[in-house]
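[1] Take this sequence and fold it.
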Amino acid sequence: MEENREHIDELIVTYFAEGLEADTLKELEDWMAESAEHENYFMQQQELWFSAVDKRETDRYNPDRAFTLFKDRVAGSRDTDRTLRQKSKWSAVWRYAAVVAVLCAISCFSYWRGESRVKEHFAEMTVEAPLGSRTKLFLPDGTLVWLNAGSRIAYSQGFGVEDRLVKLIGEGYFEVKKDEEIPFSVQTKALRVEVLGTKFNFRDYPEDEEAIVSLLEGKVALDNLIRSEKRSFLLPNERVVLDKKSGCMQLEKVVAASASQWTNGYLFFDEELLPDIAKELERSYGVKIDITSEALKEFRFYGNFVRREQSINEVMEALAATGKIRYEMKDSHIILY
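    Model prediction:
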């Protein structure tokens, strides 16, 4: 048993530092798949590897010493675990991380190669906002995120190691913590937004016909992922509207703060297409809305509602007051015509 653990430790260290051949990589992966305990052990060694590394100081590190030091730490962790098995396994992790911080001797070579090898094993963290609700969270870098109803974000457990990439489905409001060395990116299937530190709202539900990015503060770069074109930039109180069918992006001047009013419980529609409005109402009120008129699918509406105070009936009455829409409602099913 002990010899096998030493062999596994050697595989893990080699994997981080220089990579494994196909057969030994499969051996390590098979071992990790055997149990949650094995997977947790691997994650602990991963934490040891990255815990005290500052990439901005990598030019000071010695690769050979780092490789030896890490193997010693892994071996020490094994001995500690044997004698203190009933205590928290994480105590060893942090003790050795502290030693490395004092020595300041993790290698640039080993760190970067280990980082590239281990990225594929980082778990993907996901956060969702159920229908009819909103979710507020902070990312590991301190960035504030609000998720609107029926939205989800995913990011690597290694978030901030090499990049700060967030994958978005739905709508999110972001107040990004500034880091000039690692830009912050939010990506959907249609658009990619890259920033350093800023506040913006990004809406791109898969079923919506348009993707919209509204900038409150700072500056963002946008890459159209539907069709190839020159990178675009937004300044405060500007928004870009991407037609997901044609791939065309349109830049508009707006009061961008209105786009994030949903974080305070408001439903704000700024000349949005009726089909997208209907989907937002479905997510917010738990209803089903069908649009039977083709002409109405091109209709745009401007309006603001307080979700907690105004019922779906009141919203429907406001839409009907335009003189362009009529509706029928039976229980939670609404037909617009």
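[2] gap between the residue most central in space within the chain and Phe159?
    By C-alpha atoms, centre = their mean, the chain has its centre lying nearest to Val166, at 2.8 Å. Between Val166 and Phe159 the computed distance is 8 Å (C-beta to C-beta, to the nearest Å). Quick note: C-beta positions are derived from backbone N, CA and C, even for glycine.
[3] Can you work out which residues contact both of those two?
    Leu139 (C-beta atoms under 8 Å, 6 or more residues apart in numbering).
[4] Confirm the residue nearest to the centre of the chain sits in a strand?
    Yes - counting by DSSP: H, G, I helix; E, B strand; the rest coil, Val166 is part of a strand.
[5] what does stretch 241-253 contact?
    For stretch 241-253, contacts defined as C-beta under 8 Å, 6+ apart pick out 190-191, 208-212, 222, 224, 226-227, 229, 232, 234, 237-240.
[6] Which positions in it come out as buried?
    Neighbour counts over stretch 241-253 (16 or more other C-beta atoms under 10 Å) mark 241-242, 244, 249 as buried.
[7] Closest one of those residues to Leu25?
    Ranked by distance to Leu25 (C-beta to C-beta), the buried residues of stretch 241-253 are led by Lys244 at 39.4 Å.
[8] tell me the strands in the stretch 51-200 of the chain, going along the chain?
    Secondary structure of the stretch 51-200 of the chain (DSSP state E, counting those that start in this stretch): strands at 124-129, 135-138, 144-147, 151-156, 164-175, 184-187, 191-195, 199-204.
[9] Show me just the buried residues among the contacts of stretch 241-253.
    The neighbour-count criterion (16+ other C-beta under 10 Å) marks 190-191, 208, 210-212, 222, 224, 226, 232, 234, 237-240 among the contacts of stretch 241-253 as buried.
[10] hmm, who's touching stretch 182-189?
    141, 143, 160, 162-169, 172, 174, 176-177, 192-197, 202, 204, 206, 211, 225.
[11] End to end on it, go ahead and measure it.
    Start-to-end span of stretch 182-189 (C-alpha to C-alpha, to the nearest Å) is 22 Å.
[12] Strands along the stretch 201-337 of the chain, start to end?
    Under DSSP E, counting those that start in this stretch, the stretch 201-337 of the chain gives strands at 210-217, 220-224, 232-234, 238-243, 249-253, 266-273, 288-291, 300-306, 327-330, 333-336.
[13] For Glu29, which of those is the nearest?
    strand 220-224 (33.7 Å).
[14] so what secondary structure elements neighbour that closest one?
    The helices and strands touching strand 220-224, judged by 3 or more C-beta pairs under 8 Å, 6 or more residues apart in numbering; DSSP states H and E, are strand 191-195, strand 232-234.
[15] Kindly recompute the last result at 10 Å.
    For strand 220-224, the packing partners by 3 or more C-beta pairs under 10 Å, 6 or more residues apart in numbering; DSSP states H and E come out as strand 184-187, strand 191-195, strand 199-204, strand 210-217, strand 232-234, strand 238-243, strand 249-253.
[16] so how far is that strand from its chain's centroid?
    Here strand 220-224 is found 17 Å from its chain centre; the criterion is C-alpha atoms, centre = their mean, to the nearest Å.
[17] Quick check, pLDDT for Phe268.
    On pLDDT, Phe268 comes in at 87.
[18] Nearest spatial neighbour of it, chain-adjacent residues omitted?
    Excluding its sequence neighbours, the residue lying closest to Phe268 (C-beta to C-beta, 6 or more residues apart in numbering) is Gln261, at 4.5 Å.
[19] Let me see the contact set for that neighbour.
    Residues near Gln261 by C-beta atoms under 10 Å, 6 or more residues apart in numbering: 173, 201, 267-268, 270, 304-306.
[20] Which PyMOL command selects the buried ones in those?
    To isolate the buried ones among those in PyMOL, judged by 16+ other C-beta under 10 Å, type:
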select buried, resi 173+201+267+268+270+305
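[21] Can you lay out the contacts of Gln261 as CSV showing distance to Asn148?
    Putting the contacts of Gln261 into CSV (distance: C-beta to C-beta, whole Å) gives the following:
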residue, distance to Asn148
Tyr173, 8
Asn201, 9
Leu267, 10
Phe268, 11
Asp270, 15
Asn304, 15
Phe305, 14
Val306, 15
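[22] Of the contacts of Gln261, just say which sits nearest to Ile153.
    Comparing those against Ile153 with C-beta to C-beta places Tyr173 closest, at 11.4 Å.
[23] Look up the residues forming beta bridges with the closest one.
    Here Tyr173 sits in beta bridges with Trp146, Asn201, going by DSSP bridges.
[24] From Ala318, how far off is it?
    From Tyr173 to Ala318 the distance is 24 Å (C-beta to C-beta).
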